[in-house]
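Asker: what shape does this take:
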Amino acid sequence: MRPPLEFGAEIKQEADTEVTVPPAVMICTRLAGRAIIRVVSRCNDAQENCNLDLSECQLMQVPDAVYHLMRHTELKRCNLSSNSITKIPPKFAVNFNLISELNLAHNQMSRLPDELEELSALENLDISHNAFISLPYSVYKMPKLINLNASHNYIIEINVDSLQSCPSLEICDLEENPLTSNIRSALEKISSIKVTFSVPEGEDEDWDNLNI
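Answerer: Predicted structure coming up:
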């Protein structure tokens with residue numbers, strides 16, 4: 001049987017080992033804590049100015065706590081840019097249905113819920129620098145959307161007829177998307193909307209040669 005003092009020292013040593021936290025984990029924990037504090041602070045600001053700015057908050061989704069904190073606030077603008085958000089839930093439109101400006105740029109989204117068409121006051125939408133391969137269906141249905149920025153995505157196909165039928169759309173930025181030549185030709189025929197898009201490098205030279 002081991003002496004009591006020696007036995008106690010061993011327990012203490014094991015306990016000290018168990019509570020040791022690697023430096024990397026401690027750093028991540030501190031960063032996560034700072035991100036939470038930042039989100040809560042910006043929600044508090046939004047309660048005063050009706051402008052929710054959650055850009056660069058290390059978000060992978062919109063936290064449920066945000067909906068709770070904003071439940072008595074009529075937001076006019078919402079900025080969720082420069083995060084790692086992959087999707088927006090349908091309840092976003094229910095909770096923030098009065099916003100006129102929504103910035104979702106620089107995230108990892110490839111689709112939007114159809115429920116976003118219920119954003120009846122939305123005038124400006126930025127979904128640039130994401131992973132969309134087509135324009136979301138809800139975009140065509142937003143009744144007051146004026147300015148759409150969908151640049152720097154992977155959009156190949158667009159429902160040109162639906163785009164042209166957008167009730168209020170005036171500006172549509174499709175720069176830096178791999179649109180097919182047929183889609184680009186169809187977009188050029190739209191006169192009611194200012195549509196901008198990129199021509200793949202080298203293709204403009206081919207057209208010049210044909211004109212010669």
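Asker: rest of the way, CA atoms for contacts and neighbours
Answerer: Fine.
Asker: how close does K91 sit to Y154?
Answerer: 26 Å (Cα to Cα, to the nearest Å).
Asker: who has more neighbours, the two?
Answerer: Y154 (20 against 13; other Cα atoms under 10 Å).
Asker: run through the residues that contact the residue nearest the centre of the chain.
Answerer: Nearest to the geometric centre of the chain sits L104, at 3.0 Å (Cα atoms, centre = their mean). Contacts for L104 (Cα atoms under 8 Å, 6 or more residues apart in numbering) come out as N79, L80, S81, S82, L125, D126, I127, S128.
Asker: now pLDDT, secondary structure and distance to N97 too, for those, in CSV please.
Answerer: Putting those into CSV (pLDDT from 0 to 100; DSSP: H, G, I helix; E, B strand; the rest coil; distance: Cα to Cα, whole Å) gives the following:
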residue, pLDDT, secondary structure, distance to N97
N79, 98, strand, 14
L80, 98, coil, 16
S81, 98, coil, 19
S82, 97, coil, 22
L125, 98, strand, 14
D126, 98, strand, 16
I127, 98, coil, 18
S128, 98, coil, 21
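Asker: highest neighbour count among the residues you listed?
Answerer: Neighbours here mean other Cα under 10 Å. Within these, the largest count is held by I127, at 27 neighbours.
Asker: my guess is that one contacts Q108. True?
Answerer: No: in this structure I127 lies outside contact range of Q108 using Cα atoms under 8 Å: 10.0 Å.
Asker: identify the residues contacting P143.
Answerer: So P143 contacts E117, S120, A121, L122, C166, P167, S168 (Cα under 8 Å, 6+ apart).
Asker: of those, just say which sits nearest to L54.
Answerer: Ranked by distance to L54 (Cα to Cα), these are led by L122 at 18.0 Å.
Asker: so what's the residue count around that closest one?
Answerer: Neighbour count for L122, taken as other Cα under 10 Å: 23.
Asker: look at it and report its pLDDT.
Answerer: Per-residue pLDDT puts L122 at 98.
Asker: any idea how far M60 is from the residue lying closest to it once chain neighbours are set aside?
Answerer: In this structure, L122 finds its nearest non-sequential neighbour in S100, 3.8 Å apart by Cα to Cα, 6 or more residues apart in numbering. Distance, S100 to M60, by Cα to Cα: 23 Å.
Asker: N49 too?
Answerer: From N49 across to M60, the span is 25 Å (Cα to Cα).
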